[in-house]
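Student: here you go, sequence then predicted model.
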Amino acid sequence: MPHGDHHHSLIDGTAGALREAEDSCLRRGVQLTPLRRRVLEMVMEAGQPVGAYALLDRLRAERPGAAPPTVYRALDFLMAQGLIHRIERLNAFLPCMEVSQGHEHDHPHQFLICRNCGRTAELSDDSVAKAVAAAARAAGFSPLRATVEVEGTCGDCAAPD
């Protein structure tokens, strides 16, 4: 696929995912304000986990008065609505893959983080979530939600040249 076509498909995918996010917010009676929408769009366009300060730098190019609390409030909202995830290991954010597929946000998620290239993949495997919940209950703990972050090497980095 020529680079230009890939760029258009990325834009079309982002536009569709933003529409899904807006619909999801409407169904829950919350507002995806222009600022929140723009922060979500920047997370989607990053193509990899992106930090709050990188988002702030991009936002300041468009809105010179943007300050850290502006971005953090938007990120908190987007996380609360399940539109993005925070990868603790990287202190960075990425879009929720389920939203772009039209699903609601309350799903188990696991992240595979390549220590070599930094690529992060999101999984949504119920069996992993059930195993973690069962182990927690066996330890006398009442789990509400769990995010599993797995560090390792992605297939591209592991493949011989």
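Tutor: Thanks, I have the structure now.

Student: use CA for all of it now, contacts and neighbours both
Tutor: Fine.

Student: can you give me the strands for this structure?
Tutor: 84-87, 92-95, 109-114, 120-123, 147-152 (DSSP state E).

Student: most packed of those strands?
Tutor: strand 92-95 (a mean of 23; mean count of other CA atoms under 10 Å).

Student: elements contacting that one?
Tutor: Applying 3 or more CA pairs under 8 Å, 6 or more residues apart in numbering; DSSP states H and E, we find strand 92-95 packed against helix 34-46, strand 84-87.

Student: between the strands of the chain, which one is nearest to residue 136?
Tutor: strand 147-152 (13.1 Å; CA to CA).

Student: mind giving me the packing neighbours of that closest one?
Tutor: strand 109-114.

Student: hang on, the earlier thing: the helices and strands packed on strand 92-95: lowest mean pLDDT?
Tutor: Across these, strand 84-87 has the smallest mean pLDDT, namely a mean of 92.

Student: direction included, what does it pair up with?
Tutor: strand 92-95 (antiparallel) (DSSP bridges).

Student: give me the below-cutoff pLDDT ranges for this protein.
Tutor: The chain contains residues with pLDDT under 70 at 1-12, 98-108, 161.
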